[in-house]
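A.B. asks: after the sequence you'll find the predicted model.
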Amino acid sequence: MKRILCDTVVVAFLFLIGTACNVNAATFDEAKALAEKAAAFWKANGKEKAVAEINNPKGRFTKGELYVTAGEFTGLHLANGGNPKLAGINLLEQKDPAGKAFVKELIAAAKRGGDWVEYSWTNPATKKIQQKRAWATRVPGEDIYTACGMFITK
């Protein structure tokens, strides 16, 4: 009886740990919503406020592992919640380690009204190249896109 009780407690504990870990895990729906909210914020508040808020690592467009990026359709990177130092750099020809021109694909996805783009990138947590999926959307009425993605875990 003591052994069964002990096993039950261990299983319950492992279940709770697993549940607690998943509570904070980001989802693709959350990534899409964050990119869409950033585009709406940009439209409502303008470039200056949007760039400042997207670049703010403690701002409304950074949530756990999720962060928003923004750029012009020319490829000029304007804001990046994960690495604000990329602002001001033209990334149009940027390719992932597999040679995919993912910035061009993000821009094309935004021009289509919003879509997912997959590419490889270095995961800052693991320092390993992993597949990433990002939602890109257009700021209404502007040649600007916002994007948010997350690493695909298997």
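C.D. replies: Received it, and whenever you're ready, just let me know what you need. Residues are numbered from 1 along each chain as shown.
A.B. asks: CA only for contacts and neighbour counts going forward, please
C.D. replies: Will do.
A.B. asks: downstream of the top strand by length along the chain, the next helix or strand is which one?
C.D. replies: Counting residues, the longest strand in the chain under DSSP state E turns out to be strand 129-138. Next helix or strand after strand 129-138 toward the C-terminus (DSSP states H and E): strand 144-151.
A.B. asks: list the buried residues of that following strand.
C.D. replies: 144, 145, 146, 147, 148, 149, 150, 151 (16 or more other C-alpha atoms under 10 Å).
A.B. asks: take those residues and lay them out in a markdown table including distance to residue 112.
C.D. replies: As requested, the buried residues of strand 144-151 are exported to a markdown table (distance: C-alpha to C-alpha, whole Å):
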| residue | distance to residue 112 |
| --- | --- |
| 144 | 13 |
| 145 | 11 |
| 146 | 13 |
| 147 | 13 |
| 148 | 16 |
| 149 | 18 |
| 150 | 21 |
| 151 | 23 |
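A.B. asks: what is the nearest of these to residue 39?
C.D. replies: The nearest member of these to residue 39, counting by C-alpha to C-alpha, is residue 146 at 5.9 Å.
A.B. asks: and the closest one, what are its bridge partners?
C.D. replies: residue 70, residue 137 (DSSP bridges).
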